[in-house]
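K.L.:
here is the input, now give the coordinates:
(chains A and B)
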Protein chains: 2
Amino acid sequence: MTNPTAALLIIGNEVLSGRTQDANLKFIATRLGELGIPLREVRVIPDVPETIIGTVNEVRARFTYVFTTGGIGPTHDDITSECVARAFGVPWEVHEESRRIMEADYSRRNPPVEMNAARLRMATLPRGARPILCSETSAPGFVMGNVHVMAGVPRIMRSMFEVVAPTLEGGTPVKSRALHAHGLLEGQIAAALSAVQERFPMLDIGSYPYYREGGNGVALVAKGTDEAVLEAAAAEIAALIRADGKEPIMGEPAAA
Amino acid sequence: MTNPTAALLIIGNEVLSGRTQDANLKFIATRLGELGIPLREVRVIPDVPETIIGTVNEVRARFTYVFTTGGIGPTHDDITSECVARAFGVPWEVHEESRRIMEADYSRRNPPVEMNAARLRMATLPRGARPILCSETSAPGFVMGNVHVMAGVPRIMRSMFEVVAPTLEGGTPVKSRALHAHGLLEGQIAAALSAVQERFPMLDIGSYPYYREGGNGVALVAKGTDEAVLEAAAAEIAALIRADGKEPIMGEPAAA
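P.N.:
Below is the predicted model:
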C-alpha cells in the first residue's frame, strides 16, 4: 500500500522577508512522518490572494492532505480563510457556531473583549468548512476538503494539529536509523554508501555532514517503513563506517 | 522601477522529514531584502530528479533570480547539480578548473585526501556554468543562467552567497519600521490598522502577535522602499497604538 502524502503552505510575508524564523515546518514534518503521511513539499508564499488561491488549488489536487499555517487572525493581512473559500469557489460566511463560541469566550474575559468586525472575520469560514477547535484559542482553524487551515503561532498551530491528527488516515509510519561517525569524510564512503542504497531501493538513505566545535563528521540516515529492512541496512552502514576506520554511533548526536 | 524578485529552493529530504531545521531561509531572505531583491517564494522539495528539474524550470521562468541550497555534496543523494544540467538541457561534465582547485586543496591536507569518483562529482557542473568559489571549501557552487546553486551547510552557503551578492542587480532596498505594543490585542486595532494600510498602498503593513513570558503583545511592521513614507506610516501606527491606551516601542523587541 502506498502511503498518503502531504504538502504544507506557510503563508505570510513575515517568513519571506526574513523577519520571522519559521518554527512550524519541523514540527509538522515530524508529526506527519510519525503518522505515515510523508511531507512531500513545502511552499512559503506571500499574503497575495492570487498566489494563495492558485497554490491551494495546485497542491490540493496533487497531495492527499494539505496543511496551511498563518493568515487566520483578525487583521487586514489575514486573508488565508477568504482565499481558501475562493479556491473552492464557495461563499465566505459567518459560521454561527464559531461566532457563539468566540463571543462566550470574549464575554468571560476580564475586562470583557468586544466582538467587533475584525474579530468576526475569525468566525468567518468557507461554506462547508469544519472548524478546528483547540484549547489555546476560541478562534477556529478549519478543514475544507483535504485542506487543513491552521494558525501561524506555533503554540496554537500545534494544538490545532493534535486536534486534527486523529482524523487523518495515516499510512505505515516512516522509521529511521541514524549512524554518526566523527571524523568521517563523506567523499570517502560515498561509493560504498551508494552501493547500500542500491541494495535497499525501498529505503531513502541520506548522508549529512555536520560541523561542530567538538569535531566534524557525517550522519548517515536510512528511512523506511520496514523495521527489519532498516536493521539490515543499518548493519551494512555500520560496516562501511568501520571499514574506514571509524566507530559508528547509533542515534542522534547531542546538539552542537 | 520595479524591484527584481527571487525564489529559493531548499532541496533535501532531511528538511522535509523534519530531521533538520532549515537554517538558510531567514539569512537569504534578509540579505536579499537588503539588496532590494524581495524573496517571493520558497519551496522545500525532496531529492527526486523530476521534482527538482520541473521546479527549477518553473521558478527560473517566473523570478529574476533563483537560489538553491543543498544537494551538491559527493554522495548518491546529492543530485542538484545534475538535475540543473537536465533542467537547462546541457551536458553535465567535469569542470577542469574546479577539478584542479579541488585536487590542489586535497593534496595540501594532512593526511592528503584522494580525488575519487565521488569527489569528482563535486567538480562536475552543467556546461556553461560559472563556479562559485568561496573561502569555506574548494568544492564549488555555481551559477547557471539565473539559477544560483549553493551548498546546504549554512556556513558554506553564507560564504557562497556573499561571493554571489556583488554580481546581483539589486533594486531599492526594502526598509521596515516595527512598532511593538505590549498588552495590545490585534482585534482591537485591526480596523484602524487596515485604514493605515489603505492610506499607504505602496507599503506592506503586517500585524504579528507575540506571546512571551514577559507578556503578550503585537508587533506592527511597515515595509517599503521610501523612508519618508515609512516614517509617515509609522507615525500613524504609533498614534493608533496610543489611541488604544498602549505605548508604542520602536524596533525589534528582545527575543523571548
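
K.L.:
where do the strands sit along the stretch 1-150 of chain A?
P.N.:
Assigned by DSSP state E, counting those that start in this stretch, the stretch 1-150 of chain A shows strands spanning A:6-11, A:39-45, A:65-69, A:92-94, A:124-126, A:130-134, A:137-144, A:147-150.

K.L.:
hmm, the longest one touching chain B?
P.N.:
No. Strand A:137-144 lies out of reach of chain B by Cβ under 8 Å from any Cβ of the partner chain, never closer than 9.0 Å. To be clear about C-beta, it is placed using only N, CA and C from the backbone, and glycine gets the same treatment.

K.L.:
list the residues that contact the most centrally placed residue in chain A.
P.N.:
The C-alpha lying nearest the average C-alpha coordinate of chain A belongs to A:Ile28 (Cα atoms, centre = their mean; 2.7 Å). A:Ile28 makes contacts with A:Leu8, A:Leu39, A:Phe67, A:Thr69, A:Met157, A:Phe161, B:Gly18, as judged by Cβ atoms under 8 Å, 6 or more residues apart in numbering or on different chains.

K.L.:
got the contact list for the closest residue to chain B within the stretch 151-256 of chain A?
P.N.:
Distances between the stretch 151-256 of chain A and chain B by Cβ to the nearest Cβ are smallest at A:Ala190, namely 3.2 Å. Residues near A:Ala190 by Cβ under 8 Å, 6+ apart: A:Ser207, B:Pro74, B:Thr75, B:His76, B:Asn116, B:Ala118, B:Arg119, B:Arg121.

K.L.:
can I assume the fifth one is in contact with A:Gly187?
P.N.:
In other words, B:Asn116. Yes. The criterion here is Cβ atoms under 8 Å, and B:Asn116 meets it with A:Gly187 at 6.5 Å.

K.L.:
coming back round to it: of the contacts of A:Ala190, just say which sits nearest to B:Ser194.
P.N.:
The nearest member of these to B:Ser194, counting by Cβ to Cβ, is A:Ser207 at 49.8 Å.

K.L.:
the closest one: how many residues sit nearby?
P.N.:
Other residues within reach of A:Ser207, judged by other Cβ atoms under 10 Å in any protein chain shown, total 23.

K.L.:
would it count as being in a helix?
P.N.:
No. The assignment for A:Ser207 (DSSP: H, G, I helix; E, B strand; the rest coil) gives strand, which keeps it out of a helix.

K.L.:
one step back: and the strands of the stretch 1-150 of chain A as a markdown table, adding mean pLDDT?
P.N.:
Putting those into a markdown table (pLDDT from 0 to 100) gives the following:
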| stretch | mean pLDDT |
| --- | --- |
| strand A:6-11 | 98 |
| strand A:39-45 | 98 |
| strand A:65-69 | 98 |
| strand A:92-94 | 98 |
| strand A:124-126 | 98 |
| strand A:130-134 | 97 |
| strand A:137-144 | 97 |
| strand A:147-150 | 98 |
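
K.L.:
tabulate the ones you listed (CSV), appending mean neighbour count.
P.N.:
Output for those, formatted as CSV (neighbours: other Cβ atoms under 10 Å in any protein chain shown):
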stretch, mean neighbour count
strand A:6-11, 26
strand A:39-45, 23
strand A:65-69, 27
strand A:92-94, 14
strand A:124-126, 23
strand A:130-134, 18
strand A:137-144, 22
strand A:147-150, 26
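
K.L.:
nearest to B:Arg62, of those?
P.N.:
Closest approach to B:Arg62 among these is made by strand A:39-45 (12.5 Å; Cβ to Cβ).

K.L.:
other residues contacting the closest one?
P.N.:
A:5-12, A:15-16, A:22, A:25, A:28-29, A:32-33, A:51-52, A:55, A:59, A:63, B:10, B:15-18, B:25, B:41-46, B:51.

K.L.:
ok, stretch A:119-136 next?
P.N.:
Stretch A:119-136 has contacts (Cβ under 8 Å, 6+ apart) with A:72-74, A:78, A:81-82, A:84-85, A:88, A:90-95, A:97-99, A:101-102, A:106, A:113, A:139-144, A:148-150, A:155-156, A:159-160, A:162-164, B:187, B:190.

K.L.:
take the residues you listed and keep only those in helices.
P.N.:
Members of those lying in helices (criterion: DSSP state H): A:81-82, A:84-85, A:88, A:97-99, A:101-102, A:106, A:155-156, A:159-160, A:162-164, B:187, B:190.

K.L.:
how about the residues of the stretch 151-256 of chain A near chain B?
P.N.:
So the stretch 151-256 of chain A meets chain B at A:153, A:155, A:174, A:176, A:185-188, A:190-191, A:193-194, A:197, A:204-209, A:211, A:221, A:223 (Cβ under 8 Å from any Cβ).

K.L.:
in PyMOL, how would I select the buried members of those?
P.N.:
For the buried members of those, the matching PyMOL selection, counting by 16 or more other Cβ atoms under 10 Å in any protein chain shown, is:
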select buried, chain A and resi 153+174+176+185+186+187+188+190+193+194+197+204+205+206+207+208+209+221+223
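
K.L.:
for the stretch 151-256 of chain A, what spans make up the helices?
P.N.:
A:154-164, A:186-199, A:227-243 (DSSP state H, counting those that start in this stretch).

K.L.:
run the chain-centre distance for stretch A:171-191.
P.N.:
23 Å (Cα atoms, centre = their mean, to the nearest Å).

K.L.:
can I get that stretch in PDB, CA atoms only?
P.N.:
C-alpha atoms of stretch A:171-191 as PDB (Å, rounded to 0.1, in the frame of the first residue of the first chain):
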ATOM      1  CA  GLY A 171      -0.100   5.000   6.400                       C
ATOM      2  CA  THR A 172       2.800   2.900   7.700                       C
ATOM      3  CA  PRO A 173       4.900   5.200  10.000                       C
ATOM      4  CA  VAL A 174       8.300   6.100   8.500                       C
ATOM      5  CA  LYS A 175      11.100   4.900  10.800                       C
ATOM      6  CA  SER A 176      14.700   5.800  10.600                       C
ATOM      7  CA  ARG A 177      18.100   4.600  11.700                       C
ATOM      8  CA  ALA A 178      20.800   7.200  12.100                       C
ATOM      9  CA  LEU A 179      24.500   6.400  12.400                       C
ATOM     10  CA  HIS A 180      27.100   9.000  13.200                       C
ATOM     11  CA  ALA A 181      30.800   8.800  12.600                       C
ATOM     12  CA  HIS A 182      33.100  11.500  13.900                       C
ATOM     13  CA  GLY A 183      36.000  12.300  11.600                       C
ATOM     14  CA  LEU A 184      34.400  10.600   8.700                       C
ATOM     15  CA  LEU A 185      34.600  12.300   5.300                       C
ATOM     16  CA  GLU A 186      31.600  11.900   3.000                       C
ATOM     17  CA  GLY A 187      33.700  11.600  -0.100                       C
ATOM     18  CA  GLN A 188      35.500   8.600   1.500                       C
ATOM     19  CA  ILE A 189      32.400   6.400   1.900                       C
ATOM     20  CA  ALA A 190      30.200   7.800  -0.900                       C
ATOM     21  CA  ALA A 191      30.800   4.800  -3.300                       C
END
